[in-house]
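A.B. asks: For reference, the sequence and a predicted model appear below.
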Amino acid sequence: MMKDEDELFTCCWCGDAVNNIPFDVVCCEIPEQLKEQFLKEEEGRIVNIMLGTKVVPVGVPGKDSGIAQEGADITFMCCSDECRRAVEERLEEAGFQALRNNF
Ligand SMILES: [Zn+2]
């Protein structure tokens with residue numbers, strides 16, 4: 001658990017520490033079949049997914065969390081606008097819907 005919490009504060013895109021507050025977080029809804037495949041049993045954890053050609057760590061919010069209630073299945077922690085935009089671009093290319101950011 002400690003390890004997962006540490007990883008929450010590392011940029012999913014460049015790997016730098018995330019120091020900006022509020023955090024730049026990209027929230028994303030993913031198709032049902034992907035949820036079944038990748039996210040089962042992973043609530044509240046960090047999982048690695050392929051985004052374009054890159055493996056990135058994403059947070060899987062617990063069902064009862066505010067983020068999940070708003071429809072986010074996975075969250076990407078970003079250190080900067082630059083990384084956030086990079087993630088959003090790749091999500092768009094992959095056909096995923098980014099919901100909102102700047103929590
Ligand atoms: Zn970054």
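C.D. replies: Great, that's in hand.
A.B. asks: Cys11 is in contact with Cys78, isn't it?
C.D. replies: Yes: look at Cys11 against Cys78 with CB atoms under 8 Å: they come within range, at 5.6 Å. Heads up, the C-betas are built off the backbone N, CA and C, glycines and all.
A.B. asks: intersection of neighbour lists for these two?
C.D. replies: Val18 (CB atoms under 8 Å, 6 or more residues apart in numbering).
A.B. asks: pLDDT averaged over the lengthiest helix in the chain, what's the number?
C.D. replies: For the chain, the helix with the greatest residue count under DSSP state H is helix 81-94. Helix 81-94 shows an average pLDDT of 91 in the prediction.
A.B. asks: thinking in terms of the whole chain, how far from its middle is whichever helix or strand comes after that helix?
C.D. replies: Next along the chain after helix 81-94, taking DSSP states H and E as the criterion, comes strand 97-98. Here strand 97-98 shows a centroid-to-chain-centroid distance of 11 Å under the convention CA atoms, centre = their mean, to the nearest Å.
A.B. asks: counting contacts, what elements does strand 97-98 pack onto?
C.D. replies: Packing contacts for strand 97-98, counted by 3 or more CB pairs under 8 Å, 6 or more residues apart in numbering; DSSP states H and E, involve strand 24-29, helix 81-94.
A.B. asks: So which of the ones you listed is the most surrounded?
C.D. replies: strand 24-29 (a mean of 22; mean count of other CB atoms under 10 Å).
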